[in-house]
Each structure stands twice: as C-alpha cells, then as structure tokens.
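S.K.: Predicted model and sequence below, questions to follow.
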Amino acid sequence: MPFYRAAWQVSKTLLGNPHTGIHKLNPKDNSSGFVYVGLDGNDFSSEVFVLESSRFKLQEPAYLFFDVYQRSMGIQLKVCINGFEDCPYSNPPLKASEFWLQDQQIYLSTGSEKIYFLASKVRQNLYLALDNIRLQTIDGHSYCPEKYKQPATEKLFFD
C-alpha cells in the first residue's frame, strides 16, 4: 500500500457532521482554534497526516502536553520523537462521554529534537483534532520563556 502524506488543517470554528465532526469547543481553550484531520464525504484511510515540529534543542527534560478530540473509533493517532520509530503515545480507546481528552503527555529527554503527530485510518466522515500543544518543565512550569509572544504550538509547528 502506498504511503501518502497529507496535511493537517487549522480551524477556529466547529465543523463536520453532527455525529463524528468537531462540535464541542475545548473547555480549556475555546478561542484560538485547533488543528484537525478529516472531511465529510472523503475517505483518507490510505493517507498519513503528518504534523511535524521545527527542529529544537531542549536544555533540560520536559513534558509535551496536548489535548485530543476524538468522536470516532478507527482513527489512529501516534506521537513520535525524532523519527517514526520512537512513538510513545497512541490515542486511547474512545469513551462516549468524553469529547476532548485533556492533558495527554509525553516525556521528552534532552536528546529530543523533533515531534511528529501522525494520524492514520481517517475514513469518510471521521475527525480528530489537537489543541493546546505545549511544553512544560518536569516541575510543571511552562518551558517557553515569557519573551515569546506566540504559544509554543505556533513556535514549534507553524514557523
């Protein structure tokens, strides 16, 4: 099967069909938008959606935190470090009562240089979204200095 690389999209509005679309705002952040994969009427099951960070260098170990929106079984999300072999995160099973899975986390060692969010098996009318991607120190503080005007998400993923 061929490997197709597809792009994540950015949205500030709710979208998709009423059952599997993104129809609830993230309670932690309902103003700045989110990144998502999926589209009504199209089958992307043979494509892999890759959201790739810019290269970075950590001065100390950190945690990567993010929120995941999933309403459908089948879509697979993996988060990989430095390449596609070390993928310590896979999306958990679907829970009917939860829309946004908040504060998902991955430990990043000082050797971490890149982060990849990989979404696959995105069949017709299925959606998955990410929001509030951020770095925190081991003791729970923001890793990004206050001097940056933009959130860590924009700094790492949207240069």
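M.R.: Done, it's in.
S.K.: Would you map the helices across this protein?
M.R.: For the chain, the helices defined by DSSP state H occupy 152-157.
S.K.: pLDDT score assigned to the residue nearest to residue 111 when sequence neighbours are not counted?
M.R.: Spatially, and ignoring its direct neighbours in sequence, residue 111 is nearest to residue 82 (7.4 Å; Cβ to Cβ, 6 or more residues apart in numbering). C-beta coordinates here come from the backbone N, C-alpha and C atoms, glycine included. Note on residue 82: pLDDT of 97.
S.K.: how many other residues sit next to residue 52?
M.R.: Neighbourhood size, residue 52 [other Cβ atoms under 10 Å]: 15.
S.K.: Residue 12 versus the nearest residue to it once chain neighbours are set aside, what's the distance?
M.R.: Of all residues not flanking residue 52 in the chain, residue 116 sits nearest, at 5.4 Å (Cβ to Cβ, 6+ apart). As judged by Cβ to Cβ, to the nearest Å, residue 116 and residue 12 stand 24 Å apart.
S.K.: What about residue 50, how many residues nearby?
M.R.: There are 16 residues near residue 50, going by other Cβ under 10 Å.
S.K.: Sorry, wrong one. I was asking about residue 83.
M.R.: Number of residues near residue 83 (other Cβ under 10 Å) recorded here: 10.
S.K.: Provide a list of residues in contact with it.
M.R.: Contacts for residue 83 (Cβ atoms under 8 Å, 6 or more residues apart in numbering) come out as 114, 116.
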